[in-house]
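1. what follows is a protein structure lacking sequence information:
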């Protein structure tokens, strides 16, 4: 079983102490960096928007990116399935 560790992260101008595993620590830190980069991008583009609204805007943007990736993965899996069906059909006709 993986050993739990505590990691201190600065997320969107606040400090958080989170528990994770050694194996997941680097991924968590990378996720925090990406979140902070996205927040700073929004902050540069909308410097007068209040903090809480920016956080929500960032969350919505990230969710849109996740949904787009999920749609792409679904389309890829459908293409793989179609290719497999075509390959099986081709093999059957060769016999």
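-> Okay, I see it. Computed from a prediction, not measured in an experiment: that's the story for all the values here. Residues are numbered from 1 along each chain as shown.
2. would you mind naming the helix or strand containing the spatially most central residue of the chain?
-> The centroid of the chain falls nearest to residue 66 when counting by Cα atoms, centre = their mean (5.7 Å). For residue 66, the enclosing helix or strand under DSSP states H and E is helix 51-94.
3. pLDDT on that helix, on average?
-> The average pLDDT within helix 51-94 is 93.
4. got the phi/psi numbers for residue 12?
-> Dihedral pair for residue 12: phi 50, psi 60, per degrees, to the nearest 10.
5. run a quick neighbour tally on the residue lying closest to it once chain neighbours are set aside.
-> Leaving out its chain neighbours, the residue that sits closest to residue 12 by Cβ to Cβ, 6 or more residues apart in numbering is residue 39, at 4.9 Å. C-beta coordinates here come from the backbone N, C-alpha and C atoms, glycine included. Counted with other Cβ atoms under 10 Å, the neighbours of residue 39 add up to 20.
6. try residue 83
-> Counted with other Cβ under 10 Å, residue 83 comes out at 10.
7. ok, now residue 24?
-> The number of residues near residue 24, taken as other Cβ under 10 Å, comes to 13.
8. for stretch 17-29, could you pull out the residues that count as buried?
-> By 16 or more other Cβ atoms under 10 Å, the buried positions in stretch 17-29 come out as 20, 28.
9. which other residues reach it?
-> 2, 3, 4, 5, 6, 7, 8, 9 (Cβ atoms under 8 Å, 6 or more residues apart in numbering).
10. pull the distance from that stretch to the chain's centre.
-> The chain centre lies 15 Å from the centre of stretch 17-29; the measure is Cα atoms, centre = their mean, to the nearest Å.
11. for stretch 43-57, same thing?
-> Per Cα atoms, centre = their mean, the centroid offset for stretch 43-57 relative to its chain is 20 Å.
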